[in-house]
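Trainee: Next input, structure requested:
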Amino acid sequence: LMGASGNGKTWLATALGIEACHQFHKVKYVRLPELIDDLIVAKHEANGDFHKIIERYKKIELLIIDEWLLTPVNDEQSQTILELIEYRSQRGSTIFCTQFAPEGWHSKLGNPQIADAILDRIVHDSYKLLIQGDKSMRERYGIGGEFA
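Mentor: The predicted structure is shown next:
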């Protein structure tokens, strides 16, 4: 799901996740910064937590990752993202909520080879939904303020 800030990407992804839950699918919503932090911390632990977390993510049928590549990531972070995407590849669905088209992801993923590998696993089997609008969802529907 692509679109400017406030155009309803998170709202739509959450609605799809709720419907998937109603259909008895395992769903998880996470912001990319939190996901990366959890994986990096677990990766540096000597107790095998990283593999346990990866196993949990493999079992999730719909993973919703919000704030996808809102800011650039370093090499360690992009390597960790690749590992997660690789483990989930062909096992479940993932919704990426982003302000940037996939063509702009490469520069945010750091290492060009890792970026190629991540994009290869995502882009070829995906559907792109662009949410457009001159006004944010908050302005259109008066969310968080006075009704327009």
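
Trainee: Tell me who's in contact with residue 129.
Mentor: 1, 2, 12 (Cβ atoms under 8 Å, 6 or more residues apart in numbering). Bear in mind the C-beta positions are built from the backbone N, C-alpha and C, glycine included.

Trainee: which non-adjacent residue is nearest the first one?
Mentor: Distances taken as Cβ to Cβ, 6 or more residues apart in numbering place residue 9 nearest to residue 1, at 4.4 Å, with adjacent residues excluded.

Trainee: again with the second one
Mentor: Using Cβ to Cβ, 6+ apart and skipping the chain neighbours, the partner closest in space to residue 2 is residue 130 (5.0 Å).

Trainee: wait, that neighbour sits on residue 4?
Mentor: No - Residue 130 lies out of contact with residue 4 (Cβ atoms under 8 Å); the separation is 10.0 Å.

Trainee: Look at those two and report which has more neighbours.
Mentor: Higher neighbour count among residue 130 and residue 4: residue 4, with 14 against 10, using other Cβ atoms under 10 Å.

Trainee: just the strands in the chain please.
Mentor: Using DSSP state E, the strands of the chain run over residues 2-3, 27-31, 62-66, 93-96, 130-131.

Trainee: Show residues contacting the last one.
Mentor: Contacts of strand 130-131 with the rest of the structure, by Cβ under 8 Å, 6+ apart, involve 1, 2, 3, 7, 8, 9, 12.

Trainee: In helices, which of these fall?
Mentor: Among the contacts of strand 130-131, the members falling in helices (DSSP state H) are 9, 12.

Trainee: shaky segments in the chain?
Mentor: Within the chain, the stretches with pLDDT under 70 are 134-148.

Trainee: in it, which spans are helices?
Mentor: 9-22, 32-44, 49-59, 75-88, 105-108, 112-123, 137-141.
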